[in-house]
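> build me a model:
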Amino acid sequence: MTHRSRGQATLELLAAVPVILAAALLAWQVAAACRAVIDAEEGVRRAALHATGPAGAVVTVTAEVPVPGPFGVRAAAAGAVRLP
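Got it, this is the predicted structure:
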């Protein structure tokens, strides 16, 4: 009986490369989306600090930030501020 498994590890590595690349791209996209959401929330906070209107009024502030990637997705956040 002869062993014909020479090169088996190379084939397994070649098969794993696309899976590893896809996992890395997915992780990058998730990280980019999380960062965009954080940036949108910070934008709402900044907008709330600069909101104007009559005293006691409730003003809605919003912010949108593009998510890096090929799909043109935007992260949006909104908040309500009661003016002093």
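
> which stretches of the protein form strands?
Applying DSSP state E to the chain gives strands spanning 58-66, 74-82.

> for the first one, list every residue counted as buried.
Of the residues in strand 58-66, those with enough neighbours to count as buried (16 or more other Cβ atoms under 10 Å) are V61, A63, V65. (C-beta placed from N, C-alpha, C; glycine too.)

> could you check the distance from the last one over to V44?
When distances are taken as Cβ to Cβ, to the nearest Å, V65 and V44 turn out to be 10 Å apart.

> how about the strands of the chain, which one is nearest V37?
strand 74-82 (4.7 Å; Cβ to Cβ).

> about what we covered before: go through the strands of the chain and name the closest to T10.
Nearest to T10 among the strands of the chain is strand 58-66 (41.2 Å), distances taken as Cβ to Cβ.

> list the beta-bridge partners for the closest residue to R74 other than its chain neighbours.
Closest residue to R74 apart from its sequence neighbours, by Cβ to Cβ, 6 or more residues apart in numbering: E64 at 4.8 Å. Counting by DSSP bridges, E64 forms beta bridges with A76.

> who touches the nearest residue to P54 once chain neighbours are set aside in this structure?
Spatially, and ignoring its direct neighbours in sequence, P54 is nearest to L83 (7.1 Å; Cβ to Cβ, 6+ apart). With contact taken as Cβ atoms under 8 Å, 6 or more residues apart in numbering, L83 is in contact with A51, T52, G53, P54, A55, G56, A57, V58, V59.
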